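Trainee: what follows is a predicted structure for the sequence shown.
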Amino acid sequence: MTSGAYSSPHGASLPPPPPHEALGLGKGTFSYEELAAATGNFSAANLLGQGGFGYVHKGVLPGGRVVAVKRLKSDSGQGEREFQAEVDIISRVHQRHLVSLVGHCIAGARRVVVYQFVPNKTLEFHLHGKGQPVMEWSTRLRIALGSAKGLAYLHEDCHPRIIHRDIKSANILLDNNFEAKVADFGLAKLTSDNNTHVSTRVMGTFGYLAPEYASSGKLTDKSDVFSYGVMLLELLTGRRPIDDAGSGTAHPFLDDSLVDWARPALSRALADGDYDSVADPRLRGNYDPVEMARMVASAAAAVRHSAKKRPKMSQIVRALEGDISLEDLNEGVRPGQSMAFGTAVAASYKAKAPGPYTSDMERIRQAPMASPVYSGAAVEFGRPSTIASEGSFCDDLSAAKGQPQL
């Protein structure tokens, strides 16, 4: 079964054409004045959040449609090339689990993107925000499956294929039914079907970055799979990708990495069928063990060190839905039986030494940032974002949202 078997076009209709279309400015093109009026002149009261490239405001169009208006910072580092890439990419994406584009604006040096408004904040907020109720298991599974379908559509149903590059819990928006929508395509890359990878500047969030992408700039769809796997670990465990709480260290690379902790833990859980050791303790055992096994196996496969051995997103969708055996997901190996890499991680924990993933990220941190494969302004840490940790608005199409940057 291909991802096309479960994907469905986004069918929301736009409101009546605004006056600018009658002036020949083109469908989906707004004037800056229209967007200023829609957002109360980009007022603080309508500010949803601040991303790595700009500010996101809530706006109401003349027809009554509520939208998210992303206004780029003048010093954001996202020039016309990145802006046009974002618009071009989103304009060709139509799937229920992907945030859809409403329009854009180019007015001199000003650049604005208008998205559909997703009202229920982010996965990061609901998992890690202070005072939030415990997310039920069925909701976690629904979010995992929805975001997997959205990514599978980008990788396998779009031509050319689209690689997101910054999958993380802060970029999974939720509607009022807790249906997931993958957001923030500002870092996305197009790749032709003839190219297996793209060499590019490293952009994204540490804690989620695939090791081969972070070290060399070699970008494939399997880079997204790794980042998705880290997000699955968050859903499973309730932990953040990098836990530096109270450590007092200057760099989170030196603290506990969720990936290094999870690799041996997931293998043990799959081998003995005891999932309480990896499940979010706040669930108090309230989960379906069969569904838990599927998610644990999917996460373990997605965060493999070798990109070639990670599954496709469509395979993860089928695994989460129970349409393929977990052995198929693991290339015929019974889940929990392949402990080669996990053994190295477990040994490092006993010795209180950094695990392989943490070591990879530490080497990258120490690499010369003048290297052309790095983009310091766009590489962030997978730590608590200011907005989510404070419990205020985080409905934005976020990138950093206050996270420390290299």
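Mentor: Structure received. Numbering: from 1, shown residues only.

Trainee: quick check: bridge partners of the residue nearest to residue 32 when sequence neighbours are not counted?
Mentor: Closest residue to residue 32 apart from its sequence neighbours, by C-beta to C-beta, 6 or more residues apart in numbering: residue 107 at 4.0 Å. To be clear about C-beta, it is placed using only N, CA and C from the backbone, and glycine gets the same treatment. Beta-bridge pairing for residue 107 (DSSP bridges): residue 110.

Trainee: so residue 107 is in contact with residue 34, correct?
Mentor: No: taking contacts as C-beta atoms under 8 Å, residue 107 lies outside contact range of residue 34: 10.3 Å.

Trainee: CA atoms of the helix or strand that contains residue 81 as CSV?
Mentor: Assessed by DSSP states H and E, residue 81 sits inside helix 80-91. C-alpha atoms of helix 80-91 as CSV (Å, rounded to 0.1, in the frame of the first residue of the first chain):
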residue,chain,number,x,y,z
GLU,A,80,13.9,36.1,-1.1
ARG,A,81,15.2,32.6,-2.1
GLU,A,82,14.1,31.0,1.1
PHE,A,83,10.8,32.9,1.1
GLN,A,84,10.0,31.9,-2.4
ALA,A,85,10.9,28.3,-1.7
GLU,A,86,8.5,28.3,1.2
VAL,A,87,5.7,29.6,-0.9
ASP,A,88,6.4,27.3,-3.8
ILE,A,89,6.5,24.3,-1.6
ILE,A,90,3.4,24.9,0.4
SER,A,91,1.4,26.0,-2.6
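
Trainee: could you name the helices and strands sitting against that helix?
Mentor: Helix 80-91 sits against strand 101-107, strand 110-116, with contacts defined as 3 or more C-beta pairs under 8 Å, 6 or more residues apart in numbering; DSSP states H and E.

Trainee: quick one: low-confidence parts of the stretch 1-150 of the chain?
Mentor: Along the stretch 1-150 of the chain, the parts satisfying pLDDT under 70 run over 1-27, 51-53, 75-80, 86.

Trainee: quick one: the helices in it?
Mentor: With helices called from DSSP state H, counting those that start in this stretch, the stretch 1-150 of the chain shows them at 19-22, 32-38, 80-91, 123-128, 137-152.

Trainee: which of these sits closest to residue 175?
Mentor: Residue 175 lies closest to helix 137-152 among the helices of the stretch 1-150 of the chain, at 9.8 Å (C-beta to C-beta).

Trainee: can I get the helices of the stretch 1-150 of the chain in CSV with distance to residue 111?
Mentor: CSV is the format used below for the helices of the stretch 1-150 of the chain (distance: least, C-beta to C-beta, whole Å):
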stretch, distance to residue 111
helix 19-22, 16
helix 32-38, 10
helix 80-91, 5
helix 123-128, 26
helix 137-152, 25
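
Trainee: how about residue 288, nearest residue that isn't a chain neighbour?
Mentor: residue 137 (6.7 Å).

Trainee: could you double-check that the one you found lies in contact with residue 290?
Mentor: No: Residue 137 is beyond contact range of residue 290, at 11.6 Å (criterion: C-beta under 8 Å).

Trainee: who has more neighbours, the two?
Mentor: Using other C-beta atoms under 10 Å as the criterion, residue 137 and residue 290 rank with residue 137 on top: 20 against 8.

Trainee: show me what contacts residue 239?
Mentor: 233, 258, 261, 280 (C-beta atoms under 8 Å, 6 or more residues apart in numbering).

Trainee: what residues sit buried inside the helix holding residue 81?
Mentor: Neighbour-count burial for helix 80-91, counted by 16 or more other C-beta atoms under 10 Å, picks out 82-83, 85-87, 89-90.

Trainee: many thanks, we can stop here.
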